[in-house]
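*Asks:* compute the structure for the input listed below.
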Amino acid sequence: MTTGFTNDAGAADLQPQGASPGPDPSEPTGEGAAAPPDHGSGARAPISDLSDVRAIGEYLRRIGAQARSLRTAVVREQEGRYWRDVALIRLSKEGGITVTSSDSDVAAYEPNDVERHAIKIEVASALWPEHSKPFQAQYLPDAIKRADRADVFEFCEDVIEKGARWPRIIMLQLRRERDDKSKAYLPFTYWSDGLWRQMEPDGELPLWGLDQFARGHHTTVFLHEGAKAARHVRWMVEAATPQAKAALAAHPWGVELQNAAHLGWIGGALAPHRTDWSPLKRHGVTEVFVVADNDRPGHAAVPKIAHALRSHAVRVRAVRFDSRWPGGFDLADRFPDKLFKGDGPARRYVGPSFEECSAPATWATRVETSGAAIRSEFAEQWWMVDSEVKPTFHPRHDPARRHSDNSFNSDTRPFSDHPRPAELMAQQAYASKVKDVTYAPGDAPGVIVVDGVRSLNMWVPPRVVRAPNADERPWNEFLEYLIPSADERGQVQKWLATLIARPDVRMKYGLLLASTVQGIGKTTLCEIARVQVGERNCSSPTAQQVVESSFNGWIAAKRLVFVNEIYEGKGWTAYNKLKTYVTDPFIQVNEKFLPLYSVPNWAHFILCSNSELALRLEDHDRRFLVPTLTEKKQSPAHWHDFYAWLESGGHGIIREWAERFIAEHSSVGPGDHAPMTTRKRQMIEDSRSPDESMVRDLVEAALAMAADERSETG
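*Replies:* Next up is the predicted model:
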């Protein structure tokens with residue numbers, strides 16, 4: 001909590017940032033240190049609740065409404081674990097009643113003429129306190145005093161007073177557990193008569209966490225559903241304690257959650273329209289990530305928030321959890337164990353990346369007299385490839401993700417006043433248009449010019465950062481164990497170093513890792529390569545997808561293709577299909593629901609198998625490096641230590657090793673062929689049919705006899 005709350009009246013005021021004495025307590029602000037006023041005998045006391053006005057109380061009871069603040073009441077109905085507002089009743093200072101309703105029958109909730117007249121008369125004679133914002137929370141109600149500090153949330157804003165920045169409390173919120181174990185959140189506000197009331201402030205609901213803007217200039221905001229999730233993530237990313245630092249380091253998305261303010265909107269997923277969003281514009285926020293709870297109302301709240309922010313110059317992205325996370329999940333909850341592998345220090349996250357779970361969610365259009373127009377903030381989140389066949393649309397944060405025009409319209413329609421945003425993009429978003437797609441690893445991501453054509457480079461740079469001057473012995477020992485032959489290991493090292501450190505080089509051969517012994521580290525090597533290349537540049541199709549399917553989207557815009565179990569026996573189908581993918585410079589890509597397109601082929605293959613004859617190879621194959629692998633298995637403790645090394649910085653050390661290897665030795669050239677190895681020679685021999693082997697044996701025997709005859713005749 002930012003301001004902290006105190007339970008005894010003698011507590012000192014909090015000091016603002018960079019200032020000493022606060023406002024003069026003798027000034028009649030009516031908002032802080034003084035005790036609640038004593039109105040004295042016979043004095044007219046301010047009303048404490050709307051029901052104190054008899055006519056209002058009777059009217060609210062008749063329509064089944066309950067007070068929300070001193071000026072508003074609501075008729076609600078439960079929808080799942082949320083409450084939906086059916087009718088909202090607002091009371092003006094003059095006693096006027098305004099009713100708005102989500103139902104068509106507004107008249108059912110309107111006061112009749114007699115009720116209106118009585119309310120107007122009684123309101124005029126009542127004494128109405130005003131909502132106030134104290135500098136510190138004193139004279140608290142018993143419910144707050146008795147509560148665990150973790151169950152109380154402070155909603156603060158910062159104000160400048162006498163040249164200093166002071167936090168002022170808009171509202172307190174108390175979390176309570178109901179009998180059915182569900183949670184209730186009770187609002188408490190402070191009023192000009194010196195009393196705390198269990199009600200909301202008049203007007204819109206505040207955002208939790210606004211005081212973060214006083215600590216730094218935040219242009220990026222994560223918007224969480226509820227104060228609990230926002231407070232937890234804020235605690236973690238501010239890393240003010242060892243526990244918070246450890247939580248941030250262990251969090252799968254810890255890097256992405258940093259360098260931003262974490263705010264919470266309250267009132268439930270069904271009521272984002274009740275929130276005061278104006279502080280986002282006031283503090284210059286330009287990007288908002290909406291992290292709603294993992295349920296239907298939470299997902300449905302995203303376009304409502306985008307619509308509420310349409311007058312703000314902000315880009316919105318939605319962070320959505322899928323069925324791998326439990327229902328109702330938020331970022332204050334523990335990620336499911338099934339998204340991790342390993343135990344202890346070797347435990348590592350294998351679930352979806354932050355980028356994979358986020359998508360553009362900016363409101364697309366503004367309504368003008370001439371019709372709907374695309375908002376610039378929406379267009380800034382997309383690239384439109386205006387090809388001659390059919391346009392495709394790509395999120396700028398993840399250009400490898402492609403949408404047809406129908407898919408684009410379907411995904412963005414909830415964020416648009418126009419049924420076909422793709423048409424508006426084609427007509428109005430000139431700055432977002434390019435003519436073609438390409439895949440150019442090592443070049444700048446985004447738009448590049450290829451042969452005079454503005455093209456979208458779908459390559460996404462990996463995120464691994466080099467770690468110089470570190471201990472790389474675990475990596476070297478792993479390779480020495482996996483590939484016992486020094487010569488063959490050197491060839492594999494050269495291939496791996498080129499893959500990692502030279503994204504501008506397309507090698508014309510891949511790795512085939514075949515052994516009958518399981519659990520020796522083949523998959524581990526593939527996973528290391530995947531991290532080094534970057535998840536968005538990798539795919540893991542099945543052997544059936546590669547060999548049999550007519551759809552080959554798995555190879556589009558990829559630098560590494562990992563096939564976990566390839567076994568094709570004596571057939572040539574797999575080899576003939578693969579050799580085209582391994583060497584051809586361009587690939588005709590066939591993806592569902594998208595037109596055919598051609599893209600440069602930068603795919604490098606690692607094929608794994610637990611079979612002696614994983615793939616049939618030609619006599620003079622030049623497309624696969626087949627090292628001889630170990631037949632020994634390491635202990636679980638060994639793998640535990642190795643994975644712990646990887647997760648504690650090993651990937652950065654491997655990247656540094658690759659950069660240095662290329663500098664000290666040489667990389668694989670774009671025209672180099674796969675070198676011969678003992679294991680590959682055996683696999684070629686095993687690839688022959690019985691007839692081919694018999695003919696070869698006869699030829700070799702004949703050649704040997706001829707050589708013997710020549711030596712005898714000398």
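
*Asks:* does residue 654 lie in a helix or a strand, and which?
*Replies:* Using DSSP states H and E, residue 654 maps to helix 651-664.

*Asks:* what average pLDDT does that helix get?
*Replies:* When pLDDT is averaged along helix 651-664, the result is 96.

*Asks:* list the buried ones in that helix?
*Replies:* Residues of helix 651-664 classed as buried: 651, 652, 653, 654, 655, 656, 657, 658, 659, 661, 662 (neighbour count, 16 or more other Cβ atoms under 10 Å). Any C-beta I mention is one placed from the backbone N, CA and C, and that applies to glycine too.

*Asks:* and if you look at stretch 182-200?
*Replies:* In terms of neighbour count (16+ other Cβ under 10 Å), stretch 182-200 has its buried residues at 185-191, 193-200.

*Asks:* and stretch 446-462, by the same measure?
*Replies:* Buried, per 16+ other Cβ under 10 Å, within stretch 446-462: 447, 448, 450, 455, 456, 457, 458, 459, 460, 462.

*Asks:* which residues touch that stretch?
*Replies:* Residues outside stretch 446-462 that contact it (Cβ atoms under 8 Å, 6 or more residues apart in numbering): 383, 385, 394, 396, 398-400, 434-445, 503, 531-534, 536-537, 556-557, 559, 599.

*Asks:* kindly report the same for stretch 178-188.
*Replies:* If you take Cβ under 8 Å, 6+ apart as the criterion, stretch 178-188 is touched by 81, 140-141, 143-144, 171-177, 196-201, 226, 266.

*Asks:* quick one: buried ones out of those residues?
*Replies:* Taking 16+ other Cβ under 10 Å as the criterion, what is buried in the contacts of stretch 178-188 is 140-141, 144, 171-175, 196-201, 226, 266.

*Asks:* out of those residues, which is nearest to residue 239?
*Replies:* residue 226 (22.1 Å; Cβ to Cβ).

*Asks:* hang on, the earlier thing: now go through the buried ones among the contacts of stretch 178-188 and say which are in helices.
*Replies:* residue 144 (DSSP state H).

*Asks:* list just the nearest of the buried ones among the contacts of stretch 178-188 to residue 373.
*Replies:* Set against residue 373, the nearest of the buried ones among the contacts of stretch 178-188 by Cβ to Cβ is residue 266 (33.1 Å).

*Asks:* the closest one contacts residue 208, correct?
*Replies:* Yes: between residue 266 and residue 208 there is a contact under Cβ atoms under 8 Å: 6.7 Å.

*Asks:* who touches both of the two?
*Replies:* Among the neighbours of residue 266, those also in contact with residue 208 (Cβ under 8 Å, 6+ apart) are 173, 227.

*Asks:* can you pull out the strands in the stretch 151-300 of the chain?
*Replies:* Residue ranges of the strands in the stretch 151-300 of the chain, as given by DSSP state E, counting those that start in this stretch, are 152-161, 164-177, 183-191, 196-197, 220-225, 261-265, 287-291.

*Asks:* including distance to residue 473 and mean pLDDT, could these go into CSV?
*Replies:* Shown next, in CSV, are the strands of the stretch 151-300 of the chain (distance: least, Cβ to Cβ, whole Å; pLDDT from 0 to 100):
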stretch, distance to residue 473, mean pLDDT
strand 152-161, 49, 84
strand 164-177, 50, 88
strand 183-191, 51, 92
strand 196-197, 63, 93
strand 220-225, 40, 97
strand 261-265, 40, 97
strand 287-291, 40, 98
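
*Asks:* can you get me a residue count around residue 440?
*Replies:* For residue 440, the count of nearby residues is 17 (other Cβ atoms under 10 Å).
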